[in-house]
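1. following is a predicted model, sequence given first.
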Protein chains: 2
Amino acid sequence: MLVRNLKEARAGARNVLSSGWESARLLLKDDAMGFSFHITVMYAGEELKMHYKHHLEAVYVLSGEGSIEDLATGLVHRLEPGVMYALNEHDRHVVRPRTDLVTACVFNPPVTGREVHDETGAYPPPQTAAEAEAGRG
Amino acid sequence: MLVRNLKEARAGARNVLSSGWESARLLLKDDAMGFSFHITVMYAGEELKMHYKHHLEAVYVLSGEGSIEDLATGLVHRLEPGVMYALNEHDRHVVRPRTDLVTACVFNPPVTGREVHDETGAYPPPQTAAEAEAGRG
């Protein structure tokens, strides 16, 4: 049994800061759960364009408000506590947090913790994640 | 892209009531994400003995307080907001909510939505989940 907490994760190597968001990875690939689990904050006022070509992701809003735009359809969905979105078709999307958005995120396959978004807003596929480490800020 | 919310899930067929807990299944096997995602409430004062022999589960506490006992080691861990436990070894465990415990849960493999806990506190393996339907309360 693994027992971890957000406060410790935020203070250590499990926390990843990037442009417009930060993510505390409570479970990663090494934990062998078959998914990774993150508490991610997307910052107010940002416009986060993402496309996870190699991962499926589900996001559940814990606090904050904003919107998500599905770039395939142009549909915009309101984000608020209790809303979940799932990128079941590797959907290209833009998240626009009106306030800081705190979310619980699940990735399949699990991320290794070393990925950064590339120029298309994707994480690399699992087999090349190690290569991405060199580019990590 | 799938977009769902807890309020609607709780009011419909996605909500499952059982003895000592209820669970709103925002993602199930049919969604083909490779995991299922539930918002589960374990009720204050209950003693929930569980053993998921066929699934791995991660649980993140959103609100409430209680404890989890690892039956293999006897260790007891405090549960409060921000704490996550992961049953990475199909750990036999007891959750004792002191107040209602609201949690976000991820199962791998995904549950179908038709399982009930059997007499050992397990969900059946995926291939026999359909058989369990007949026993659903």
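-> Sure, I can see it. Numbering: from 1, shown residues only, chains lettered A, B, ... in the order given.
2. A:Gly113: neighbouring residues, count only.
-> If you count neighbours by other CB atoms under 10 Å in any protein chain shown, A:Gly113 ends up with 19. Placement of C-beta: from N, CA and C, glycine included.
3. chain neighbours aside, what residue packs nearest to it?
-> Computed as CB to CB, 6 or more residues apart in numbering or on different chains, the closest residue to A:Gly113 that is not its neighbour in sequence is A:Leu28, at 4.5 Å.
4. that neighbour contacts A:Arg114, doesn't it?
-> No. The criterion here is CB atoms under 8 Å, and A:Leu28 misses it with A:Arg114 at 9.1 Å.
5. could you list the contact residues of chain A toward chain B?
-> Taking CB under 8 Å from any CB of the partner chain as the measure of proximity, chain A contacts chain B at A:1-7, A:26-27, A:31-35, A:37, A:39, A:56, A:58, A:60, A:62, A:68, A:70, A:72, A:77, A:82-89, A:91, A:93, A:104, A:106, A:108.
6. narrow those to those in strands?
-> Counting by DSSP state E, the part of these found in strands is A:2-5, A:26-27, A:37, A:39, A:56, A:58, A:60, A:62, A:68, A:70, A:77, A:83-87, A:93, A:104, A:106, A:108.
7. are any of these buried, and which?
-> A:4-5, A:26-27, A:37, A:39, A:56, A:58, A:60, A:62, A:68, A:70, A:83-87, A:93, A:104, A:106, A:108 (16 or more other CB atoms under 10 Å in any protein chain shown).
8. flag the shaky bits of chain A, pLDDT-wise.
-> Chain A contains residues with pLDDT under 70 at A:116-122, A:126-137.
9. kindly recompute the last result at 80.
-> Applying pLDDT under 80 to chain A picks out residues A:113-137.
10. for A:Leu79, give the beta-bridge partners.
-> Counting by DSSP bridges, A:Leu79 forms beta bridges with A:Gly66.
11. surely it touches A:Glu69?
-> No. Assessed by CB under 8 Å, A:Leu79 is found out of contact with A:Glu69, at 10.6 Å.
12. who's more crowded, those two?
-> The residue with more neighbours, out of A:Leu79 and A:Glu69, is A:Leu79; 25 against 18, by other CB under 10 Å.
13. check contacts around that one.
-> Residues near A:Leu79 by CB atoms under 8 Å, 6 or more residues apart in numbering or on different chains: A:Val61, A:Gly64, A:Glu65, A:Gly66, A:Ser67, A:Ile68, A:Tyr85, A:Val95, A:Pro97, A:Leu101.
14. what about A:Lys9, neighbour count?
-> Slight slip there: residue A:9 is Ala, not Lys. Burial of A:Ala9 is recorded as 20 neighbouring residues (other CB under 10 Å).
15. which residues sit against whatever helix or strand it lives in?
-> Using DSSP states H and E, A:Ala9 sits within helix A:6-11. Helix A:6-11 is contacted by residues A:Arg14, A:Asn15, A:Ala24, A:Arg25, A:Leu26, A:Ile39, B:Gly82, B:Val83, B:Met84 when judged by CB under 8 Å, 6+ apart.
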